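1. A structural model of the following input is requested.
(one chain, ligands or ions: 2)
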Amino acid sequence: MNAVVRLEQDFSNVIDAIIGPGIGVFPHFIDSELVAALRHDLASLPPWELTPAAIGREQHQQTNEQIRSDKTRWIEGDTPAQRYYLAIMTSLRETLNRQLFMGLKDYECHYALYQAGDFYKKHLDAFRGRGNRRLTTVLYLNDDWQEEDGGELLVYPFQSKTVLHRVQPHAGTLVCFLSEDFPHEVLPATRDRCSIAGWFRIDDPIAPARRL
Ligand SMILES: O=C(O)CCC(=O)C(=O)O
Ligand SMILES: [Fe+2]
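-> Ligands and ions are numbered 1, 2, ... in the order given. You can find the predicted model right below:
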């Protein structure tokens with residue numbers, strides 16, 4: 001668990017990014033050994049465990065292959081690598097709460113597999129004042145990604161069409177941004193594109209207050 005301690009240092013970059021622009025891109029955020037283990041876990045899943053991703057909010061989820069075509073599988077900590085990753089994100093959550101008083105209660109994440117040609121059209125992960133998702137993370141798991149493979153994440157400033165970040169999904173790169181503030185989209189790739197998308201939440205998905 002040394003790497004968790006080491007990552008405590010690296011969290012200062014994330015803190016600075018959130019205080020500043022609200023978004024940061026961090027190459028080599030997770031070391032290659034853990035990334036390889038996470039990738040292996042995803043590759044070992046039987047195909048039926050990866051299901052068309054849902055869009056929309058909690059109770060009203062639907063799949064809509066016109067908006068996204070990837071397949072996902074929630075991460076519950078079934079393997080040592082998954083538990084290790086969740087421990088790192090818990091440590092990040094606690095650091096954010098301690099230093100920025102963000103009140104993050106939970107972290108949920110899923111594997112995402114975009115096969116060649118898959119996409120996720122421009123969207124926001126949470127809507128102002130209506131969502132529980134405060135902070136988005138995306139960790140990429142792709143070895144030897146080349147520019148010509150495509151599959152970039154394009155991030156835009158709120159209500160702007162100018163691309164702010166163009167991120168290639170290299171193994172170990174983490175993107176982290178305020179979920180309500182940055183529209184983004186995933187361009188199609190020419191090969192499989194694997195990631196872990198996650199969200200720090202300020203409450204339970206089924207908190208009673210949401211139902212009133
Ligand atoms: O994989 C990515 O680069 C982003 C995925 C995404 O936007 C999402 O799952 O909400
Ligand atoms: Fe997203």
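2. and the next helix or strand past the helix or strand of the chain with the lowest mean pLDDT?
-> Lowest mean confidence among the helices and strands of the chain (mean pLDDT, DSSP states H and E): helix 2-19, at a mean of 78. Per DSSP states H and E, the first helix or strand lying C-terminal to helix 2-19 is strand 23-26.
3. residues in contact with the residue lying closest to Gly198 once chain neighbours are set aside?
-> What sits nearest to Gly198 in space, not counting adjacent residues and going by Cβ to Cβ, 6 or more residues apart in numbering, is Cys109, at 3.1 Å. C-beta: built from backbone N, CA, C; applies to glycine. Residues in contact with Cys109, defined by Cβ atoms under 8 Å, 6 or more residues apart in numbering, are Trp74, Ile75, Tyr85, Leu86, Met89, Thr137, Ile196, Ala197, Gly198, Trp199.
4. A strand includes Cys109, no?
-> Yes: Cys109 forms part of a strand when assessed by DSSP: H, G, I helix; E, B strand; the rest coil.
5. for stretch 41-56, buried residues please.
-> Using 16 or more other Cβ atoms under 10 Å as the test for burial, stretch 41-56 gives Asp41, Leu42, Leu50, Ala53, Ile55.
6. ok, is that stretch in contact with ligand 1 or not?
-> No: taking Cβ under 6 Å from any ligand atom as the criterion, stretch 41-56 and ligand 1 are apart, separated by no less than 7.2 Å.
7. what sits up against that stretch?
-> The list of residues contacting stretch 41-56 from outside it, by Cβ under 8 Å, 6+ apart, reads 61-65, 67-73, 78-79, 81-82, 111-113, 123, 141, 194.
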